[in-house]
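Trainee: Sharing a sequence plus its predicted fold:
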Amino acid sequence: MKTYVVGHQNPDTDSICAAVTYANLRKELGEEVEAIRSGKINAETEFVLDKFEVEAPKLVKKLKGDEKVVLVDHNEMSQAISGLDMNQIVGIVDHHRLGGIETDGPIFFKNETVGSTCTIITKLYKENGVEVSDQMAGLLLSAILSDTVIFRSPTCTDVDKEIAKELAKRLDLDIEKYGIELFKAGSVISTLSPREIIENDYKEYEFAGDLIGVGQIEIMSLSEIDEVKEDLLEAIEEIVEEKGYKFLVLMVTDIIAEGSLLLFNNEANSDISQAFSVDVKETEVYLDAVLSRKKQVVPVLSDYLA
Ligand SMILES: [Mn+2]
């Protein structure tokens, strides 16, 4: 029976490219494997798939419940494809905190503290002695540059850099130049509505009984959002009200300046100020050198709420 490889809901470039490249590796090893996705492809990922002429994985909105599944780029049931039962999981390749999955039997499990799932997958190609095609190299490189924000994210390690440089060299691509091209293609400002911008790369968390939301967009310059800022703040208030959140933070990350402007709902003002020990101006604050939701924002909020 065929095994599916799938990334998290609201898939980003790492999730899609990890599913495609890992499925390809297992196919090269003679297994019956297929990459799938549980949600819409974003503009950045679409650019990558077009550039390297790779077909998007098949969309599966809900599993039937009898498939075998490998999870890539996530390991929490709350982020997994709908219809999944823990006992369907036969493998996990990821770089996030462990989120409570339990299985009946042993599974293939690989979790490393690197900046991108595709860094781990490139290593798995090497370990298995499988040649990486140009198409797969393009996907792997793009995902590493995307997830590490072109090496600027604090989650980026020397291993990510080393592997990305190898891949870029064989594709004859300049990392900085290609990275910026990639982020420009993924810029959501001009193509999406304010609400879609917030929800494009979005995660919901529950800490000590409080529900919060943290979205992130990455741009080349903060001036890009000048025109939509008021609309974003309005949409934030709307979502908070609708979902009953304690607060919602949108990280507007300037990847050239290497900092993030946090936008949030009015009522979160004193929470954000206390959590980050900063003076907050109404519904925004700029945090220098803050780029990572996973390492620099979510832990601060979870400590504060605890
Ligand atoms: Mn990732």
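Mentor: Arrived safely. Bear in mind the structure is a predicted one, so any value in this text is a computation, not a measurement. Residues are numbered from 1 along each chain as shown.
Trainee: Going along the chain, name the helices of this protein.
Mentor: For the chain, the helices defined by DSSP state H cover 13-28, 43-51, 117-127, 134-147, 158-171, 175-185, 194-199, 229-243, 269-276, 298-305.
Trainee: What is the distance between the last one and the centre of its chain?
Mentor: Shown here is helix 298-305, whose average C-alpha point lies 19 Å from the average C-alpha point of the whole chain (CA atoms, centre = their mean, to the nearest Å).
Trainee: can you list contacts of it?
Mentor: Contact with helix 298-305 is made by 203, 205, 207-208, 210, 212, 214, 246, 249, 271, 274-276, as judged by CB atoms under 8 Å, 6 or more residues apart in numbering. C-beta: built from backbone N, CA, C; applies to glycine.
Trainee: Please apply the same query to the fifth one.
Mentor: With contact meaning CB under 8 Å, 6+ apart, helix 158-171 is reached by 114-116, 119, 122-123, 132, 134, 137-138, 140-141, 144-145, 148, 151, 174-175, 178.
Trainee: From these, list the buried ones, please.
Mentor: Buried members of the contacts of helix 158-171, scored by 16 or more other CB atoms under 10 Å, are 114-116, 119, 122, 132, 137-138, 140-141, 144-145, 148, 151, 175, 178.
Trainee: and which of those is nearest to the ion?
Mentor: Using CB to the ion, the shortest approach to the ion within the buried ones among the contacts of helix 158-171 belongs to Ser116, at 5.4 Å.
Trainee: wait, isn't that closest one in contact with Asp12?
Mentor: No. Counting by CB atoms under 8 Å, Ser116 stays clear of Asp12, with 10.2 Å between them.
Trainee: shared neighbours of those two, which are they?
Mentor: Common neighbours of Ser116 and Asp12 (criterion: CB under 8 Å, 6+ apart): 146-147.
Trainee: what residues does this protein put near the ion?
Mentor: Contact residues (CB under 5 Å from the ion) of the chain with the ion: 14, 73, 117, 147.
Trainee: any chance of those residues in CSV, plus pLDDT, neighbour count and distance to Ser260?
Mentor: Formatted as CSV, the residues of the chain next to the ion follow (pLDDT from 0 to 100; neighbours: other CB atoms under 10 Å; distance: CB to CB, whole Å):
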residue, pLDDT, neighbour count, distance to Ser260
Asp14, 98, 30, 19
Asp73, 97, 30, 22
Thr117, 98, 30, 23
Asp147, 95, 25, 16
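Trainee: Identify, from these, the entry nearest to the ion.
Mentor: Nearest to the ion, judged by CB to the ion, of the residues of the chain next to the ion is Asp14 at 3.5 Å.
Trainee: What are the buried residues along the strand ranked longest in the chain?
Mentor: Longest strand of the chain, by residue count under DSSP state E: strand 210-219. Burial within strand 210-219, assessed by neighbour count using 16+ other CB under 10 Å, is assigned to 210, 212-219.
Trainee: Quickly list the domain ranges of the protein.
Mentor: Annotated domains of the chain cover 3-185, 194-305 [automatic domain parsing].
Trainee: Now for Tyr93: which residues touch it?
Mentor: Heads up, residue 93 is Val, not Tyr. Counting by CB under 8 Å, 6+ apart, Val93 touches 18, 22, 70-73, 110-111, 117, 120-121, 124.
Trainee: one more time with 7 Å, if that's ok
Mentor: Applying CB atoms under 7 Å, 6 or more residues apart in numbering, we find Val93 in contact with 18, 22, 72, 110, 117, 120-121.
Trainee: Specify which member of those is nearest to the ion.
Mentor: The ion has its nearest neighbour among the contacts of Val93 in Thr117, at 4.8 Å by CB to the ion.
Trainee: picking that back up, for the domains of the chain, state which one has the densest average packing.
Mentor: Mean neighbour count (mean count of other CB atoms under 10 Å) peaks for domain 3-185 among the domains of the chain, with a mean of 19.
Trainee: End to end on that domain, go ahead and measure it.
Mentor: With CA to CA, to the nearest Å as the measure, domain 3-185 spans 32 Å from end to end.
Trainee: Please compute how far that domain lies from its chain's middle.
Mentor: In terms of CA atoms, centre = their mean, the centre of domain 3-185 is found 10 Å from the chain centre.
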